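1. generate coordinates for the sequence data below:
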Amino acid sequence: MSDHFQVDAIDQKILSYLVKNARMPFLEIARECGISGAAIHQRVKKMEDAGIIAGSRMNVKPKALGFDVCAFVGLQFSASNQYHGVIEALKQMPEVVECHFITGGYALLLKIYCRDNEHLMEVLVKNIQNIPGIANTETFISLDQTIERQVYVKDKRVVNGKRAGKSKD
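-> Now for the predicted structure:
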């Protein structure tokens with residue numbers, strides 16, 4: 001297979017259904033798209049091979065499990081060579097659900113879920129701030145999440161699962 005993958009209108013439609021409900025049967029998607037179930041399987045397989053689709057999963061709502069506090073934590077390193085050690089320590093903390101290496105005033109931005117403010121303080125003081133290599137933290141508590149969605153797919157050329165410039169084809 002070529003390393004170029006063109007997302008067309010049918011692929012966009014398939015992706016929109018799968019993003020809304022990853023458990024939607026392929027035959028139902030096929031009916032909605034006006035093509036065969038086999039064609040849906042082939043297209044999904046090609047998008048998986050191209051790195052556009054990376055598995056499927058259930059979305060668990062943290063509040064339903066008692067995690068009422070969502071916070072974002074900016075981390076500064078004491079030295080630039082601390083990255084790998086800090087990341088390995090953060091991987092051991094179940095409260096950390098996302099970690100982004102970012103530009104700006106912080107090296108890392110974390111998204112964490114805690115039961116309450118007391119639990120948040122414990123995670124910050126006893127865990128995160130005790131990681132060797134962390135110089136400073138700043139915490140932002142989320143009061144409400146107003147938008148939650150997957151990336152919007154528009155017709156574009158994709159190379160090895162990443163958007164590419166215009167083709168000379």
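2. quick one, what contacts A22?
-> S56, R57, M58 (CB atoms under 8 Å, 6 or more residues apart in numbering). Just so you know, the C-beta spots here come from the backbone N, C-alpha and C atoms, and that holds for glycine as well.
3. equivalent analysis for C70, please.
-> P62, K111, I112, Y113, I141, S142, Q145.
4. assumed it was part of a strand.
-> Yes - membership of C70 in a strand is supported by DSSP: H, G, I helix; E, B strand; the rest coil.
5. which of the contacts of C70 are buried?
-> Applying 16 or more other CB atoms under 10 Å to the contacts of C70, the neighbour count classes I112, Y113 as buried.
6. for K45, state which of the contacts of C70 is nearest.
-> Nearest to K45, judged by CB to CB, of the contacts of C70 is K111 at 31.7 Å.
7. quick one: pLDDT of that closest one?
-> Looking at K111, its pLDDT is 98.
8. kindly report the same for K166.
-> 45.
9. what's the answer for S16, then?
-> 89.
10. which of the three states applies to it?
-> helix.
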